[in-house]
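Asker: Just the structure for this:
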Amino acid sequence: MNGIPELGGRVAVVTGASRGIGKGIALELGAAGATVYVTGRSATAGRLPGTVHETAAEIDARGGHGIPFICDHRDDDAVARLFTHIHDKHGSLDVLVNNVYNSPAAARWLGKPFWEVPPSAWDETFDVGVRSHYAAAAFAAPLLIESAGLIANISSPGARRYMHNAVYGVAKTALDRLTADMAHDLADTGVTVVSLWPGIVNTELLQMVPADEHGRRLVTLPGEGTFDLDAAESAQFPGRAVLALATDPNRRERTGLAWRVADLAEQYGFTDVDGRVPRND
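Answerer: Residues are numbered from 1 along each chain as shown. Next up is the predicted model:
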């Protein structure tokens with residue numbers, strides 16, 4: 001690279017980047033020299049650690065430029081203001097990562113049969129996990145077309161097999177369909193749209209799971225099995241997948257499809273922060 005950052009001069013938006021997968025992705029893009037807009041509602045720490053300001057500061061420390069932007073992604077006007085600001089400040093956008101998701105709310109319904117999951121859970125999941133991605137992409141599209149940029153929608157293998165509950169699976173299936181149809185509409189623009197499937201990620205929420213008497217942090221998901229969280233992937237592993245795609249001149253070959261992060265790691269040759277290529281989905 002001759003000392004030139006891979007994403008120097010590039011602009012990215014990562015939604016829901018106060019913590020978790022979004023934060024990991026934002027840090028990897030920042031470490032590659034990007035200007036990263038970090039969105040989310042967390043201006044101050046709550047039950048879980050992490051704010052948009054803290055993530056932005058970590059991006060700066062890694063050599064990028066982090067810009068915190070307080071945004072409730074259920075508020076279309078707030079989302080529109082974000083992309084209007086980027087248009088006025090930068091003129092285009094290179095990467096949009098649609099990651100925002102209400103994991104603590106969704107955790108209440110893990111492993112529940114559909115008749116025990118209230119209709120309100122459907123609304124919560126689709127508003128933040130599908131509609132918000134559509135809205136951000138719709139407002140961002142003119143900017144991304146200017147740069148032949150990348151949209152990465154953070155999805156899940158739950159799009160193809162049972163995971164967590166019926167609402168979760170239907171939402172992830174809808175998101176992957178959205179990826180395919182957005183790619184169809186953007187086919188002549190040079191913009192790449194993909195879904196990414198991380199495995200089990202050791203987020204701040206899962207870090208709250210205590211160790212057992214053998215020192216293992218195990219989580220049992222009803223109907224799915226028991227998983228060792230010490231074998232989980234870091235939040236930066238999906239970030240390395242986004243970085244690989246963002247810097248791949250041939251990424252258009254992947255547009256419209258869903259990709260496992262572990263598969264991309266093997267194809268592009270990157271690893272997690274500990275040198276592994278974890279497979280735990």
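
Asker: Can I get the longest helix along the chain in PDB? Just the C-alpha atoms.
Answerer: Longest helix in the chain, counting residues (DSSP state H): helix 166-185. Extracted as PDB, the C-alpha positions of helix 166-185 are listed here (Å, rounded to 0.1, in the frame of the first residue of the first chain):
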ATOM      1  CA  ALA A 166     -40.400 -16.900  13.400                       C
ATOM      2  CA  VAL A 167     -40.300 -13.100  13.400                       C
ATOM      3  CA  TYR A 168     -36.500 -13.000  13.300                       C
ATOM      4  CA  GLY A 169     -36.300 -15.400  10.400                       C
ATOM      5  CA  VAL A 170     -39.000 -13.600   8.400                       C
ATOM      6  CA  ALA A 171     -37.200 -10.200   9.000                       C
ATOM      7  CA  LYS A 172     -33.800 -11.600   7.800                       C
ATOM      8  CA  THR A 173     -35.400 -13.200   4.800                       C
ATOM      9  CA  ALA A 174     -37.000  -9.900   3.900                       C
ATOM     10  CA  LEU A 175     -33.700  -8.100   4.300                       C
ATOM     11  CA  ASP A 176     -32.000 -10.500   1.900                       C
ATOM     12  CA  ARG A 177     -34.800 -10.000  -0.500                       C
ATOM     13  CA  LEU A 178     -34.300  -6.300  -0.200                       C
ATOM     14  CA  THR A 179     -30.600  -6.700  -1.000                       C
ATOM     15  CA  ALA A 180     -31.500  -8.600  -4.100                       C
ATOM     16  CA  ASP A 181     -34.100  -6.100  -5.300                       C
ATOM     17  CA  MET A 182     -31.900  -3.100  -4.500                       C
ATOM     18  CA  ALA A 183     -29.100  -4.700  -6.500                       C
ATOM     19  CA  HIS A 184     -31.600  -5.100  -9.400                       C
ATOM     20  CA  ASP A 185     -32.500  -1.400  -9.300                       C
END
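
Asker: where's that helix relative to the chain centroid, distance-wise?
Answerer: Computed by CA atoms, centre = their mean, to the nearest Å, the chain-centroid distance of helix 166-185 equals 14 Å.

Asker: And for that helix, what's in contact with it?
Answerer: 106, 109, 113-114, 117, 121-122, 125-126, 129-130, 133-134, 137, 151, 153, 155-156, 158-163, 192-195, 255-258 (CB atoms under 8 Å, 6 or more residues apart in numbering). To be clear about C-beta, it is placed using only N, CA and C from the backbone, and glycine gets the same treatment.
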